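Participant: With the sequence up front, the predicted model follows.
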Amino acid sequence: MQDEHFAQIKDKLGGVSRRDFLKFCTIMAASMGLPLSAGSDIAEAVASPKRPPVIWLSGQGCTGCTESLLRPSSHFQLENLLLNLISLDYNETLNAGAGHQAEAFRKQSMEKNAGKFVLVIEGSIPTKDGGIYCKIAGHPFVDIVKEAADKAGAIIAIGSCAAWGGIPSSQPNPTGAQGAPEVLKDKTVVTVPGCPANAYNFLGTVAHFITYQKLPAIDNLGRPKFAYDRLIHENCERRPHFDAGRFAESFGDEAHQKGYCLYKLGCKGPVTYNNCATKGYCDVGTWPVDTGHPCFGCSEAGIGFEVPKFQQADLTKESLFTPAATPASIEYERGGGVSAGAAGLIGAAVGAAAGAGVVASRKLKSEDEEQ
């Protein structure tokens, strides 16, 4: 990274040192599965004066994703990185202007930067009755999204509402709410689901685009693989308890207080793809399971806001028999017993015997039956 570029942004980062900034970018590179050397590439691209503008549209949603981006991250404020290093040209929540002035600037920026700007969509898109249930400046939100998508260089749907419909699309879905990929079927839409989406996952996606002028590798649902390629279940700190058959039966019971697995309380971690267990949120780095509440699968369509929160997940062969990503170490305890971590490993080694025993009665469909 060129020194003159960092000198121009140092004050905007709240006085963070060049060392810490490079460290942050290196960690970001590692989290995206890139070599550590890519950290310097990201730092150079983010610090460069030439950055693509961001047009941020908000539809049916609670603005939670915007709010999550304004919480602190790492050693310096994420809003400094987002608002000062990324050229955020339009965001209805954060605009300095309002009314006709704001809308005129959005259109001006889109025309001037056609094919270069990053379009971010937050909230679901109502499509019933011509989209009249969400209008901005007298125009249906669905029309504004399509117009902006036609001119955008990249499209990112942030949050579960924008990714697949979220809460607004729950049955009976009176407004015909849909996610951006459903509305923009002829476009490549990167989805960053979550309620709210983890700010780090969004920032990593944008940083990849800025650095390499292309989007990161995505799965069949448009989610960046660096964040959504593993089940939460694989990295959950309570996984050894699942493998050993130790479950909380009710909130506040002794097992719950001891930190046992929350599967019986409705945890959807075994069927949800996300990196919550490894990234956490904000500076405190926590997530629902860490605080004693089951994951309810907010980033998964058909689970997050469709399956009752405390209903047990229908386990698949993958969630039952995929080993933990970070197995616990085996330690023998006095008296001939083994540690909780060892019990977890033993359970995993026999095909999650104890954990599977708890759910054995929940018959798994064979491949023939599924066909």
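Facilitator: Received, thanks.
Participant: drop to CA atoms for contacts and neighbour counts, all remaining ones
Facilitator: Fine.
Participant: what residues are up against Gln311?
Facilitator: Counting by CA atoms under 8 Å, 6 or more residues apart in numbering, Gln311 touches 265-266.
Participant: Please report phi then psi for Ser37.
Facilitator: When read as degrees, to the nearest 10, the backbone of Ser37 gives phi -60, psi -20.
Participant: let's number from 527 now, not from 1
Facilitator: Renumbered: residue one is now 527, and that last one reads Ser563.
Participant: Next, count neighbours for it.
Facilitator: Ser563 has 12 neighbours, counted by other CA atoms under 10 Å.
Participant: Can you name the residues that contact Pro578?
Facilitator: Applying CA under 8 Å, 6+ apart, the residues near Pro578 are 612-613, 639, 642-644, 736.
Participant: let's go with 7 Å and repeat that
Facilitator: By CA atoms under 7 Å, 6 or more residues apart in numbering, the contact list for Pro578 reads 613, 642-644.
Participant: Glu637 now?
Facilitator: Contacts of Glu637 (CA under 7 Å, 6+ apart): none.
Participant: Checking my notes, it in a helix, right?
Facilitator: Yes. Assignment of Glu637 by DSSP: H, G, I helix; E, B strand; the rest coil places it within a helix.
Participant: remind me which residues of the protein are low pLDDT?
Facilitator: Scanning the chain for pLDDT under 70 picks out the ranges 527-541, 575, 597-612, 808-810, 847, 849-897.
Participant: I'd like to know how many residues surround Gln627.
Facilitator: For Gln627, the count of nearby residues is 10 (other CA under 10 Å).
Participant: meant to ask about Lys654
Facilitator: Lys654: 15 neighbours (other CA under 10 Å).
Participant: picking that back up, dump the contacts of Pro578 to JSON lines, plus neighbour count, distance to Gly664 and secondary structure.
Facilitator: JSON lines is the format used below for the contacts of Pro578 (neighbours: other CA atoms under 10 Å; distance: CA to CA, whole Å; DSSP: H, G, I helix; E, B strand; the rest coil):
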{"residue": "Ser613", "neighbour count": "18", "distance to Gly664": "26", "secondary structure": "strand"}
{"residue": "Lys642", "neighbour count": "17", "distance to Gly664": "27", "secondary structure": "coil"}
{"residue": "Phe643", "neighbour count": "26", "distance to Gly664": "24", "secondary structure": "coil"}
{"residue": "Val644", "neighbour count": "27", "distance to Gly664": "24", "secondary structure": "strand"}
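Participant: Which pair of these spans the longest distance?
Facilitator: Ser613 and Lys642 (11.9 Å; CA to CA).
Participant: which among the contacts of Pro578 gets closest to His767?
Facilitator: If you rank those by distance to His767 using CA to CA, Val644 comes first, at 42.9 Å.
Participant: show me the contacts for the closest one.
Facilitator: Counting by CA under 7 Å, 6+ apart, Val644 touches 578-581, 678-681.
Participant: Same question for Gly587.
Facilitator: Contacts were defined as CA under 7 Å, 6+ apart; by that measure Gly587 touches 649-650, 687.
Participant: Also Thr619?
Facilitator: Listed by CA under 7 Å, 6+ apart, Thr619 has no contact partners.
Participant: isn't there a strand covering it?
Facilitator: No. Counting by three-state DSSP, Thr619 falls outside a strand, being coil.
Participant: So what does it have for phi and psi?
Facilitator: Backbone torsions of Thr619, given as degrees, to the nearest 10, read phi -80, psi -30.
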